[in-house]
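A.B. asks: Next input, structure requested:
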Amino acid sequence: MSDAEPPDGADAGSPGTDAGGEFDPVEPDTGEEFEPVDVFPDSGDFDLRPGADSCYKCSTCDTSCPVAEVDDDFPGPKFQGPEQWRLKRTDDDHEVDDSVMDCSNCMRCDNACPSGVPLSQMHNTARGQYVDDRMSTLSVEYWRNRILANYRTSAWFASKAPRVANVAMNFGPARWVMEKAMGITSEREFPAFATETFTEWWARRGGAAASREHAREARERRSEPADADKRVAYFHGCYAEYNTPEVGKALVRVYEHFGYEVVVPDQGCSGTPMFANGMLEDARRHAEVNVPSLSALAEEGCDAIASCTSCSMALRQEYPELFDIEGIDDVAAHTFESVEYLRIHEDLVSEVREAEVGDDLAAEFAYHAPCHARNQGLDRQAVELFRDLEGAAIEDVGESCSGISGTYGWKDEKYETSMAIGEEMFEHMHDADGETGMTECPTCAMQMEHGTGYEVRHPLELLEAALVD
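C.D. replies: Alright, predicted model coming up:
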C-alpha cells in the first residue's frame, strides 16, 4: 500500500467522494466549449480505448447519424467508436470493421452525445488504422480516395490552365472513364476552376500592404484610432483559393470595412478531406505547415479566421485531438469562423440592420447550416444576422444534413446514399420562397446546386453587398 496522502477534500478509499464520504459527481464534458477531450493516458501510446468508457450505450448518436438513417446496413457511430475500442481492449488483434469507411465524417454524433464521448476522434483514428492495416496501396479505392482527399494538389495543377481543366473535367466521356476506372461518380459536374486564384488576386492587389492602407482609411472613416491593433490572418482553404475566390475577396473587403488589416499566411489544406478518408499522415503534413504559420501570428495577437466552417472546425477541434505539434493549442484557441469573429468583436447586427441590399444579389435566400457549423454552435448565425436586412429575406431550410460530406458524395458507391440524405434539404429548398441558396460550406453548396439547380452564395457575399461601397 502507498503511504501517499490523498488530495485535499478526497477520501483515499473512495475516489470521487469528499472528505465526508459523500459522492461528488463529476459533470460530463458535453463539448459545448469545443475543447478537445483528453482521452489519452500519460504515455506516448496513441490509444483511444479509455474514452470508450464514458459511453453508456444510449444510442443518441445513432439516431442523429444521417448515414444510419438511410442505410440499414451501416451500424452507426456507437459501433464505429466506443464499441470498436472496447473490442480492441479485449483483443489487440481486432481489426477495424470495413463499415468505418461508410462514415461521412459529418460529426453530428459529437454534438448529440450527452457524455462527451470523442466519437469523431475515434472514427478518424479508426479510419486511419483501417487504411494503414487493411487497404492495399495498390488498390483502385486507395488511390481514388487519396486523390479526392488531396484535392488541393489536383486543383493546383488545374489552376495552371483553368479553362482547359474546366472543359476536360466535365467532358462526358472523361467522366464516364473516371467512374469506371476510379469509382468517381459521373453524376456530378466538377466545380469550375477560377481563371485567377485568390492568392493571385491578393498579390496583384498589393497583398498585406494594400490591406493595411485600406484598413487605415476605414478606421479614419469610422473615427477609430489609426493605430488600433486590428489584424487577422485569413485561412482561405482550398476551395476559396481555386474555385470561389469571390468568397475570399468578399471576406477581405468586409474585414477592411471594419478597419482590419488582413494577412494571408503560408498554408496548406486544413486536412478535413484527409481525415474523412483515413489519410492521417497526409493531414499531418499539411498541419505541420499550418500550425507554425498560424501560431507565430497568434503570438503577435493575430487571430485566424476561416470562411469555410469545415476548415475552422479542423483547426479548432480535429488538430488538437489528433496531432501533437508545438503551438497547436494556440492555433485552436485563436481560430474563428469569419462571420462569427465579426459578431464577437464588432456591432455587426446593428450595421446590418441599418444597411440595405441593392439589385446585385437575389432578394430571397434558402439557407442551409452545414453540419460543421452546427458543431461550432453557428447553425443560426446567418438567419439571425440577416433577418432585419432590408432588401433580403433568409429562410432556414431545416436541420437535415446536405449529404455530400466533402468527398463522400463524389464516390460512385456512396452517391445514392448521399442523395438520399440530402433529399429532405432539397424538398425544403424547393418549398422556400427564394431560389438562391446560402451556406458557409463549399461542398454543401455543391450538393445544394446539384439537387436543386439553384445558385448558392456565401453569407460573406451578402455582407459585402450590404456594407461595402
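A.B. asks: Counting neighbours, show which residues of stretch 90-102 come out buried.
C.D. replies: Val96, Asp97, Ser99, Val100, Met101, Asp102 (16 or more other CB atoms under 10 Å). (C-beta placed from N, C-alpha, C; glycine too.)
A.B. asks: Tell me who's in contact with the fifth one.
C.D. replies: With contacts defined as CB atoms under 8 Å, 6 or more residues apart in numbering, the neighbours of Met101 are Arg127, Tyr130, Gly278.
A.B. asks: make it 7 Å
C.D. replies: The contact partners of Met101, taken as CB atoms under 7 Å, 6 or more residues apart in numbering, are Arg127, Tyr130.
A.B. asks: helix or strand for the spatially most central residue of the chain, which one?
C.D. replies: In the chain, the residue lying closest to the centroid (CA atoms, centre = their mean) is Ser310, at 1.1 Å. For Ser310, the element it lies in under DSSP states H and E is helix 309-313.
A.B. asks: Buried by neighbour count: which residues of whatever helix or strand comes next after that helix qualify?
C.D. replies: The first helix or strand that comes after helix 309-313 along the chain, using DSSP H and E, is helix 319-322. Buried residues in helix 319-322, defined by neighbour count with 16+ other CB under 10 Å: Tyr319, Pro320, Glu321, Leu322.
A.B. asks: May I have helix 319-322 exported as CSV, CA atoms only?
C.D. replies: The C-alpha trace of helix 319-322 is given here as CSV (Å, rounded to 0.1, in the frame of the first residue of the first chain):
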residue,chain,number,x,y,z
TYR,A,319,-6.0,19.3,-35.0
PRO,A,320,-5.5,19.2,-31.1
GLU,A,321,-7.4,15.9,-30.9
LEU,A,322,-5.3,14.1,-33.5
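A.B. asks: quick one on the thing from earlier: and the residue nearest to the centre of the chain, how far from Ile404?
C.D. replies: Per CB to CB, to the nearest Å, Ser310 is found 11 Å from Ile404.
A.B. asks: Which of the buried residues of stretch 90-102 fall within helices?
C.D. replies: Among the buried residues of stretch 90-102, DSSP state H puts none in helices.
A.B. asks: from these, which two are the most distant?
C.D. replies: Greatest spacing in the buried residues of stretch 90-102, by CB to CB: Val96 and Asp102 (12.2 Å).
A.B. asks: Could you check the helix holding Ser310 and say which residues are buried?
C.D. replies: For helix 309-313, the neighbour count (16+ other CB under 10 Å) marks Thr309, Ser310, Cys311, Ser312, Met313 as buried.
A.B. asks: Report the contact partners of Ala432.
C.D. replies: Applying CB under 7 Å, 6+ apart, we find Ala432 in contact with Ala366, Glu395, Val397.
A.B. asks: Got phi/psi on Gly453?
C.D. replies: Dihedral pair for Gly453: phi 80, psi 0, per degrees, to the nearest 10.
A.B. asks: what does Ala306 give?
C.D. replies: phi -130, psi 140.
A.B. asks: closest to Met169 among the contacts of Ala432?
C.D. replies: For those, the residue nearest Met169 by CB to CB is Ala366; the value is 27.5 Å.
A.B. asks: So Gly434, which state does it fall into?
C.D. replies: Classification of Gly434 using DSSP: H, G, I helix; E, B strand; the rest coil returns coil.
A.B. asks: gap between Asn105 and Glu69?
C.D. replies: In this view, Asn105 and Glu69 are 16 Å apart by CB to CB.
A.B. asks: Also Asp97?
C.D. replies: From Asp97 across to Glu69, the span is 19 Å (CB to CB).
A.B. asks: pull the longest helix from this protein.
C.D. replies: Longest helix in the chain, counting by DSSP H: helix 280-299.
A.B. asks: What is the neighbour count of Asp347?
C.D. replies: Per other CB atoms under 10 Å, the neighbour tally for Asp347 reads 11.
A.B. asks: Give me the phi and psi angles of it.
C.D. replies: Dihedral angles of Asp347 (phi, psi; degrees, to the nearest 10) stand at phi -90, psi 70.
A.B. asks: any weak-confidence spans in the stretch 1-150 of the chain?
C.D. replies: Applying pLDDT under 70 to the stretch 1-150 of the chain flags the ranges 1-50.
A.B. asks: any idea how far Ala149 is from Ile328?
C.D. replies: The spacing between Ile328 and Ala149, counted by CB to CB, is 21 Å.
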